[in-house]
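Novice: Structure, please.
(one chain, ligands or ions: 2)
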Amino acid sequence: MKILDKSYDPKPVEERWSRFWLEEGLFTPEVPSTKPKFSLVLPPPNVTGSLHMGHALCFTLPDIISRWKRMKGYNVLWLPGTDHASIAVHNVIEQGLKEKGLTRDQLGREEFLKIAWDWKQKYGGIITGQLKKLGCSLDWSRERFTMDEGFSRAVRLVFVSLYREGLIYRDYYLVNRCPRCNTVLSDIEIEHKELQGKLYYIKYPLFEGEGEVVVATTRPETMLGDTAVAVHPDDPRFRGFHGKFLRLPLVGRRIPVITDHRVEKDFGTGAVKVTPAHDPVDFELGKLHGLEQVIVIDGTGKMTEAAGPDFRGLDRFEARRRVVERLREQGSLLKIEDYPHMVGHHDRCKTVIEPHLSWQWFVKMAPLAKEAIRVVEDGTIQFIPANWAKSYFEWMYNIHDWCISRQLWWGHRIPAWYCRSCGEIIVAMETPAHCPKCGGIDLVQDEDVLDTWFSSALWPFGTMGWPEKTVDLEMFYPTDLMGTAFDIIFFWVARMIMMGLKFMGGIPFRQVFINGLVRDFRRRKMSKSEGNIIDPLEMIEKYGTDALRFTMAAMAIPGMDLSLSEERMMGYRAFVNKIWNASRFVLMNLEDAPAAVAENELTLADRWIRSRLAGITADVETALGEYKFYEAAEKIYHFVWHEFCDWYIEMCKPSLQAGNRTTKAVLAGALDHILKLLNPFMPFVTEEIWSHLPGHGRSLVMAPFPQSDPAHLDRHAEEEMSLLQQLVVEARTIRAENKISPQKRVTILLKAPGEKEKAFIPEIRAYFLALANGSEVRVEDRFAPEARLLKGVAGSWEVAIAMEGASDLEAERVRLEKEIKKMEAEIEKLEGRLGKKEFLERAPAAVIAEAKQSLLACRDKKEKLQKSLGNIKA
Ligand SMILES: [Zn+2]
Ligand SMILES: [Zn+2]
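Specialist: Ligands and ions are numbered 1, 2, ... in the order given. Here you go, the predicted structure:
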């Protein structure tokens, strides 16, 4: 028999089993297979990523499901990979260049991409290694990267197909641009935050004649690009100005006053300046009214030539200061008011977005959204919790076209070429040799790359070899589960659904499990600046992976954020130790345990634990089936710690000493069963212990998940055990309260609520005596009044310990009297304090409340002591 080490050291065990699972290829599914399949392809983490608590949660929960399904006999594929993350990689590389005094433009595209690939080769695998550490049962033999060759082909094919169908188009359009990252962004990458801004009132004089219109704006620097002033047609204040022209201050441009129903009469003065090149509403107005688009700020946030000699080259915020100063000098500035308002920021770098007019590529979303809405509405795809479907619909019904071009180099370059001779746009899979329209060969490829999310949207089928008709696609698509956080329902989930439907002709996944966010124990968001980040790798180092995984599961309540603390992790580390120690005890007692159980030799404890195992297994299966990880974890935790370790093992000890071989068989079976139940949650420690069990298999990864055996359910045994537990707990409480030494054996009296209940006693008598350390137990119809008893209540039963010989009565009497005196002194002190008028008037309310509370507690304690003393004196 192999014996476990005295204490559990997670590190060497985790390293050894991680290696074993991968070397043996245990996470690689069978192809072909007669088993039912279960597949998942989760959103790939960024190559720049390093494991944080969000990942730890997002990956642990699906791993629990995957391991569970594998044990249940499914052919499981969980396909891993990483995302090339254009903006994040640019940030890393460009930061490095900046430190050397270089920019990417100085380097050039080719050189830059070489550095980026080198970087990816060196550091891009960090998160992959960390996921292995977390024990995720991913099939690494199928690992993909969004920029690998096959995937890149898939991306190009999708672009070309959508373009040919008219679902991708190029347009000169006002888009969101991050001047810091130097690229355009899609709407959902913008974070709207309230800023304490100002509202500037500027006077625009009539071009001819007397009079002026005052406009209000939060961005005075854009006035340099104004090409009109708009008023509401029904606003009587401006009736005289319709069709007139104004002179734009600082610039001198002649601009019309236009009327439009969209102008908000209540904003500012009711007249608004119109800057079609720098504001989305103005952009639309400009198109409708045929206004000129004057670009005064470029994509990097600097003022252009068109801003005029006084301002060109200035940063946009410096320009604002200068414009206001000049307006004031000229007497054109009427007033400035404080004005809090919402401003869009780039969600990654927090820079204020600049609306920017430029040629970009777009995906027409409404036609794609239609089918994607239907499959969620009719339940083909199910959100868990269900209320997330509402957010999904809201977004899908109001979907805008998606700007997919990015002014970056790292990524999938747009497969579009421009003919310099005739202006033709050629969109193709391969670089065209000549222009199909004019035959010219002076072709130049679009400089931009695709939004990273464009390729992520193809992940569920692109990873399985699409557009080839592969065995993997046939066997594993659609996948069964998508797990992610709510903040990327639109980035990922929605777009994956649209693209899956479009190109595979079917949904990419059946269920979408949305997990909460991981917060600190005060429910605050974890952030570097708050210093409240809990690092999963540090937790693994300190408490082991199993403790971290179990914490995640135990806290994962659907629809709720997790408030995480290190204490929880410590608690589950103690749980791991408890399992280890209990297993160690069991393994030391399994010598010559028979393989089969002799049913007629089962003790009450044996029958009870088998019944409870059947119950708990059914509970765990139900909870996991509904993604109620917390419920499954909680039930197992309680069962293993309290029922198996605290009760069953204790109750086994006399049988084991007596050499009861049936108990040995039940004990061995129960441990095997428990290790299997726990394995999806704690794969390492369970695998290690299991490998010490007699007759263990190759690995728990492939072991069958235990079944709930209805033949083992035994209500009678559970009722008896429940009574036994209540009686033992009460007897132990009485002993503790009366300071009876645990070694002291006492006479215990029980009063049953009725005849039926009395029948339980013969079967539980031996256990009761052992567990409550009684010399004898007597069941009486009523306790004799003259008997000197320490009494207590257990449910509808009464429990009493005879005092003779239970404790040193005289010493106890002295102790109690001393304690009572102490309480009396304390009560007097508190009453005195609370009786003083000035204390009640001057002391803070909290102090008074505390004193009152203490007084009540002291009185209560005194009463209890007196009762105990009365018992003795009787
Ligand atoms: Zn940015
Ligand atoms: Zn041409």
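Novice: Contact partners for residue 43?
Specialist: When contacts are counted by Cβ atoms under 8 Å, 6 or more residues apart in numbering, residue 43 is found next to 83, 456, 459, 482, 484, 488, 492. C-betas here are computed from N, CA, C, even on glycine.
Novice: quick one: which of those is nearest to ligand 2?
Specialist: Ligand 2 has its nearest neighbour among the contacts of residue 43 in residue 456, at 34.1 Å by Cβ to the ion.
Novice: Ligand 1 versus the closest one, what's the distance?
Specialist: In this structure, residue 456 lies at 19 Å from ligand 1, with Cβ to the ion, to the nearest Å as the measure.
Novice: give me the number of residues near that residue?
Specialist: 22 (other Cβ atoms under 10 Å).
Novice: same deal with residue 172?
Specialist: Using other Cβ under 10 Å, the number of residues around residue 172 comes to 9.
Novice: next one: phi and psi at it?
Specialist: Summarising the backbone geometry of residue 172 under the convention degrees, to the nearest 10, its torsions are phi -90, psi 110.
Novice: Identify the residue spatially nearest to it, adjacent ones excluded.
Specialist: For residue 172, the nearest residue in space outside its immediate sequence neighbours is residue 359; the separation is 5.3 Å by Cβ to Cβ, 6 or more residues apart in numbering.
Novice: The helix or strand that neighbour falls within vs ligand 1: in contact?
Specialist: Secondary structure assigned from DSSP states H and E places residue 359 in strand 354-363. No - taking Cβ under 5 Å from the ion as the criterion, strand 354-363 and ligand 1 are apart, separated by no less than 10.5 Å.
Novice: I'd like the distance from that strand to the chain centre, please.
Specialist: Here strand 354-363 is found 33 Å from its chain centre; the criterion is Cα atoms, centre = their mean, to the nearest Å.
Novice: mind listing what's buried in the top helix by length along the chain?
Specialist: Determined from DSSP state H, the single longest helix within the chain is helix 845-873. Buried residues in helix 845-873, counted by 16 or more other Cβ atoms under 10 Å: 848, 851, 854-855, 858, 861-862, 865, 868-869, 871-872.
Novice: Now do the same contact list for residue 688.
Specialist: For residue 688, counting by Cβ under 8 Å, 6+ apart, the contacting residues are 13, 17.
Novice: Past the stretch of helix or strand it belongs to, which element shows up next along the chain?
Specialist: The secondary structure element spanning residue 688 is helix 683-690 (assigned by DSSP H and E). Sequence order places helix 715-737 as the next helix or strand after helix 683-690, per DSSP H and E.
Novice: same question for the first helix or strand past that following helix going along the chain, mean pLDDT?
Specialist: Next along the chain after helix 715-737, taking DSSP H and E as the criterion, comes strand 746-751. Averaging the model's pLDDT scores along strand 746-751 yields 92.
Novice: what lines up beside strand 746-751 in the sheet?
Specialist: If you go by DSSP bridges, strand 746-751 pairs up with strand 774-779 (parallel), strand 797-802 (antiparallel).
Novice: In JSON lines: the buried residues of helix 845-873, plus pLDDT and distance to residue 256.
Specialist: Output for the buried residues of helix 845-873, formatted as JSON lines (pLDDT from 0 to 100; distance: Cβ to Cβ, whole Å):
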{"residue": "848", "pLDDT": "89", "distance to residue 256": "73"}
{"residue": "851", "pLDDT": "90", "distance to residue 256": "78"}
{"residue": "854", "pLDDT": "91", "distance to residue 256": "80"}
{"residue": "855", "pLDDT": "93", "distance to residue 256": "82"}
{"residue": "858", "pLDDT": "90", "distance to residue 256": "85"}
{"residue": "861", "pLDDT": "85", "distance to residue 256": "87"}
{"residue": "862", "pLDDT": "89", "distance to residue 256": "91"}
{"residue": "865", "pLDDT": "82", "distance to residue 256": "94"}
{"residue": "868", "pLDDT": "76", "distance to residue 256": "96"}
{"residue": "869", "pLDDT": "81", "distance to residue 256": "100"}
{"residue": "871", "pLDDT": "74", "distance to residue 256": "100"}
{"residue": "872", "pLDDT": "71", "distance to residue 256": "103"}
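Novice: For these, give me a markdown table that also has distance to residue 524.
Specialist: Converted to a markdown table, these look like this (distance: Cβ to Cβ, whole Å):
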| residue | distance to residue 524 |
| --- | --- |
| 848 | 32 |
| 851 | 34 |
| 854 | 33 |
| 855 | 37 |
| 858 | 38 |
| 861 | 39 |
| 862 | 43 |
| 865 | 44 |
| 868 | 47 |
| 869 | 51 |
| 871 | 51 |
| 872 | 53 |
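Novice: about what we covered before: what's the angle from the longest helix of the chain to helix 715-737?
Specialist: In this structure, helix 845-873 runs at an angle of 100 degrees to helix 715-737, with axes from the mean of the first three to the mean of the last three Cα atoms, to 10 degrees as the basis.
Novice: Tell me if the lengthiest strand in the chain is near ligand 1.
Specialist: Of all the elements of type strand in the chain, the one with the most residues (DSSP state E) is strand 190-205. No - with Cβ under 5 Å from the ion as the threshold, strand 190-205 lies outside contact range of ligand 1, at a closest distance of 10.3 Å.
Novice: Just the angle for the helix or strand following that strand relative to strand 190-205, thanks.
Specialist: Stepping forward along the backbone from strand 190-205, the first helix or strand reached (DSSP H and E) is strand 212-217. Strand 212-217 and strand 190-205 are oriented at 170 degrees to each other (the same axes, to 10 degrees).
Novice: Distance from the chain centre to strand 212-217, please.
Specialist: Taking the mean of its C-alpha atoms, strand 212-217 sits 48 Å from the chain's own mean (Cα atoms, centre = their mean).
Novice: And the residue of the stretch 701-850 of the chain that's closest to ligand 1?
Specialist: Taking Cβ to the ion, the stretch 701-850 of the chain has residue 701 as its residue nearest ligand 1, at 43.1 Å.
Novice: Surely that residue and residue 69 touch.
Specialist: No - between residue 701 and residue 69 there is no contact under Cβ atoms under 8 Å: 11.6 Å.
Novice: Tell me which of the two has more neighbours.
Specialist: Neighbour comparison, residue 701 and residue 69: the larger count goes to residue 69, with 24 against 20 (by other Cβ under 10 Å).
Novice: quick one: average pLDDT of the helix holding residue 688?
Specialist: Mean predicted lDDT for helix 683-690 stands at 98.
Novice: what do you get for stretch 362-379?
Specialist: Mean pLDDT, stretch 362-379: 97.
Novice: sorry, back to before: could you find the closest non-adjacent residue to the residue of the stretch 701-850 of the chain closest to ligand 1?
Specialist: residue 26 (4.5 Å).
Novice: per-residue pLDDT, the residue lying farthest from the centre of the chain?
Specialist: In the chain, the greatest distance from the average C-alpha position (Cα atoms, centre = their mean) is reached by residue 209, at 64.7 Å. Predicted confidence (pLDDT) at residue 209: the value is 89.
Novice: next one: phi and psi at it?
Specialist: In this entry, residue 209 is assigned phi and psi values of phi 90, psi -180 (degrees, to the nearest 10).
Novice: start at 3 instead
Specialist: Sounds good: first residue 3 from here, last item residue 211.
Novice: Identify the residues contacting whatever residue of the stretch 553-702 of the chain ends up closest to ligand 1.
Specialist: Taking Cβ to the ion, ligand 1 has its nearest neighbour within the stretch 553-702 of the chain at residue 563, 26.5 Å off. Taking Cβ under 8 Å, 6+ apart as the criterion, residue 563 is in contact with 518-521, 525.
Novice: Cool, thanks, signing off.
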